[in-house]
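*Asks:* 3D, please:
(2 chains)
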There are 2 protein chains.
Amino acid sequence: MLLTNARIAGTAGLLDLAITDGRIAAITPAAGRPGRDLGGALLLPGLVDGHVHLDKTLWGLPWRPNSGAATVRERVENERIHRAALPPVSVRGANLLRQMIACGTTALRTHTDIDDAHGLANFHATMELVARFRGQADIQVVAFPQSGIVTRPGVADLLAQALREGADLVGGLDPTSFDGDARAHLDIVFGLAQRFDRGIDIHLHDRDPGGNAQLRDIAARTIAIGMQHRVTVSHAFSLGTTDADDFAATADALAAAGVHILTSSPSAGPVPPVHALRARGVVIHAGSDNVRDLWSPFGNGDMLERALLIALRQGFRSDADIAVALALCSDATALGLPAHRLAVGAAADIVAVDAETQSEAVATRPARKLVMKAGVVLAEEGRYCGSA
Amino acid sequence: MLLTNARIAGTAGLLDLAITDGRIAAITPAAGRPGRDLGGALLLPGLVDGHVHLDKTLWGLPWRPNSGAATVRERVENERIHRAALPPVSVRGANLLRQMIACGTTALRTHTDIDDAHGLANFHATMELVARFRGQADIQVVAFPQSGIVTRPGVADLLAQALREGADLVGGLDPTSFDGDARAHLDIVFGLAQRFDRGIDIHLHDRDPGGNAQLRDIAARTIAIGMQHRVTVSHAFSLGTTDADDFAATADALAAAGVHILTSSPSAGPVPPVHALRARGVVIHAGSDNVRDLWSPFGNGDMLERALLIALRQGFRSDADIAVALALCSDATALGLPAHRLAVGAAADIVAVDAETQSEAVATRPARKLVMKAGVVLAEEGRYCGSA
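*Replies:* Alright, predicted model coming up:
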């Protein structure tokens, strides 16, 4: 396939891209050859959603007023109560995947709830989605103990079973504030990761300095079992609250251990500071988190919109800063996947948008003109056209 | 004209709306009559943008990387340098007005820069826009001293001349931190308001407790000249930073004086707390502020998106809370205009959207199916179709 008359940031003029065997085989000046004419559209690398919950979403269902409450614990309880009455994950999760792909996401990590009420049901449904969308999106599955581990007998065994059945990572949740015993919680999480040789991705919502102490504990444990760059902490709000010395010590510990930070960049409350973390060598990347579910009525799975929310939240205005926000939203290497690049030899994960520059794409978030995964067109003019 | 098969939040079933002489003449159950079929779309009252800068925008021009700097003062200087080379306000401002109307805004307040470098040029161009868009949007013009008053000889006279020529309100800017002399600055602003019998709208960016002291000073001055509910303070970030007692005293002073608070709900830094202010009787409403200009590359003039940003920033999730965010974005009475209501007798300022509920409209911000101002259709399917 030949994509013609495309533009790439940093490269002058219109370009043609030859796609062969799912990879970019050549990038040459546009030469009026027959092909799929992109009419001067700007190309972006396939977007990456580093944190989503396919099994929670209500996407594509009738509008449901949010009935959640203020705390993580109350929202967990609310979801345990109402979840059983929802349509199956196979419907809801597929709805969201089609939306995400239509918005240009070609790789993602989803946290699937494993608890004593639903066992492995959500996990199994999610693994079916992975199989159904194979080739359309690279999907990593986190075995996520949404209701806790230490305080929920049997959940540790369920997590082990999920890893045995192919979960890519083991998750965790607020070891201190939710599960009440950080040492026991992290012993189980890190123990499972080591036993099954899988990565880790822990939700950490704590905002107080104790949150940073847990981050340093996680960094130390990561080094101890040699899992550098295979451990992520999602949210890590405490990085946005503490004093400069505590922040610096924590950031340095995260950088030394290769512990990555995932942010959905919520607008209320503290968030990890992007530039300050990157300046100290910490990998920070981005995800949608909740997309219209029992936790939040908002979100749409659009990582260009996520880049805008990050830019607004971080006070980014220059093109250079906005490029950083966008880079957080297309960072496959943070997930341990090959980099998403618009370069010869890279996989043809490509998003085309009608925008002059990357900054304009973030500011306007136009309907995606084309979305391609490994050389296969999956969306046109904002509409999913794949087969799942 | 008859709008048929529409829905209104809180009213069951499909409705027909008869529009006569620019007003809603009747609302009746849908009866299969011939008319303009809205196919079950949800109606919203005409949206209201309480704070925009038509004379600053770059909307509709080629993308311009942001060259601004970190502080208000540096951004003012940056704009003074680059403004002269921009296309005229008649082009840029009209571009933005068409976009705002296409998004459903039917009333707005614009701050037009008056300074010693450009005199009344921006003001005159803005007044021409007001005339050109008459009947398509109710536009209030604030004579805004963007470069200061006390520190800029001649600006006070220019403000007076603008009021003489029809400016609706007199503005102000950070009396202490920018203009350096709060008493002299406010003496001039309140003096002009009293002399010309016009309202006041003051930009106040200060974040420290001194900001609240200025708010209380403004409240006292408002009562002193009997201008209750004709004075607005825009931004008022200090309300989001101070301790509970200081906040309460300040909010009570604002409520007693009928001083309104305008927020654009920026995602970085403190913002006025919506529920806490309303609970103490303070009128708070919303506006876009900068829309793709030399200050910010972001913004799009869409007050449904503004409602979403407010909801995200304030942590609103329930339908009741989201309705508050939307109400801030359609509050005409805060500007001293008749209320925007979907009721018999009200002006037919109506926005139709394909959404089940108001919350879904805020979450998804669909292209506006129909925008009507005083009974005249100005936009269809997201596109402006008026004559300006």
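*Asks:* element containing residue A:171?
*Replies:* strand A:169-173 (DSSP states H and E).
*Asks:* chain center to that strand, what's the gap?
*Replies:* The chain centre lies 14 Å from the centre of strand A:169-173; the measure is Cα atoms, centre = their mean, to the nearest Å.
*Asks:* what does it contact?
*Replies:* A:109, A:111, A:140-146, A:148-149, A:159, A:163, A:179, A:185-186, A:189, A:192-193, A:196, A:198-203 (Cβ atoms under 8 Å, 6 or more residues apart in numbering or on different chains). Yep, even glycine has a C-beta here, placed from its N, CA and C like the rest.
*Asks:* Try it again at 7 Å.
*Replies:* A:111, A:140, A:142-146, A:148, A:159, A:163, A:179, A:185, A:189, A:192-193, A:198-203 (Cβ atoms under 7 Å, 6 or more residues apart in numbering or on different chains).
*Asks:* Among these, name the buried ones.
*Replies:* A:111, A:140, A:142-146, A:148, A:159, A:163, A:179, A:185, A:189, A:192-193, A:198-203 (16 or more other Cβ atoms under 10 Å in any protein chain shown).
*Asks:* among these, which are in strands?
*Replies:* A:111, A:140, A:142, A:143, A:144, A:199, A:200, A:201, A:202, A:203 (DSSP state E).
*Asks:* ok, now how distant is the last one from residue B:373?
*Replies:* Right, the one you point to is residue A:203. According to Cβ to Cβ, to the nearest Å, residue A:203 stands 47 Å off from residue B:373.
*Asks:* got it, and the second one?
*Replies:* Note on residue A:140: its distance to residue B:373, by Cβ to Cβ, is 50 Å.
*Asks:* cool, the first one as well?
*Replies:* According to Cβ to Cβ, residue A:111 stands 46 Å off from residue B:373.
*Asks:* Tell me the secondary structure at residue A:16.
*Replies:* Under DSSP: H, G, I helix; E, B strand; the rest coil, the three-state class of residue A:16 is strand.
*Asks:* For it, name its beta-bridge partners.
*Replies:* Beta bridges link residue A:16 to residue A:28, judged by DSSP bridges.
*Asks:* That one touches residue A:32, doesn't it?
*Replies:* No. In this structure residue A:16 lies outside contact range of residue A:32 using Cβ atoms under 7 Å: 9.1 Å.
*Asks:* Report the secondary structure state of the residue nearest in space to the middle of chain A.
*Replies:* Computing the C-alpha centroid of chain A and ranking residues by Cα atoms, centre = their mean puts residue A:50 first, at 1.4 Å. Under three-state DSSP, residue A:50 falls in the strand class.
*Asks:* how near is the residue of the stretch 101-250 of chain A found nearest chain B to residue A:234?
*Replies:* Going by Cβ to the nearest Cβ, chain B is nearest to residue A:240 of the stretch 101-250 of chain A, at 11.3 Å. Using Cβ to Cβ, residue A:240 is found at 14 Å from residue A:234.
*Asks:* how about the CA coordinates for the helix or strand of chain A with the lowest mean pLDDT, as PDB?
*Replies:* When each helix and strand of chain A is scored by mean pLDDT, DSSP states H and E, helix A:72-82 comes last, with a mean of 88. Extracted in PDB, the C-alpha atoms of helix A:72-82 (Å, rounded to 0.1, in the frame of the first residue of the first chain):
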ATOM      1  CA  VAL A  72     -12.000   5.100  46.300                       C
ATOM      2  CA  ARG A  73     -13.500   2.700  48.800                       C
ATOM      3  CA  GLU A  74     -17.100   3.900  48.200                       C
ATOM      4  CA  ARG A  75     -16.600   3.700  44.500                       C
ATOM      5  CA  VAL A  76     -15.300   0.200  44.700                       C
ATOM      6  CA  GLU A  77     -18.400  -0.800  46.800                       C
ATOM      7  CA  ASN A  78     -20.700   1.000  44.400                       C
ATOM      8  CA  GLU A  79     -19.300  -0.900  41.500                       C
ATOM      9  CA  ARG A  80     -19.500  -4.300  43.300                       C
ATOM     10  CA  ILE A  81     -23.200  -3.600  43.800                       C
ATOM     11  CA  HIS A  82     -24.200  -2.500  40.300                       C
END
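*Asks:* Contact residues of the stretch 1-150 of chain A facing chain B?
*Replies:* A:62, A:63, A:65, A:66, A:68 (Cβ under 7 Å from any Cβ of the partner chain).
*Asks:* Most neighbours among the residues you listed, which one is it?
*Replies:* When neighbours are counted by other Cβ atoms under 10 Å in any protein chain shown, residue A:66 leads the residues of the stretch 1-150 of chain A next to chain B with 22 neighbours.
*Asks:* hang on, that one in a helix?
*Replies:* No. Residue A:66 is assigned coil when assessed by three-state DSSP, not a helix.
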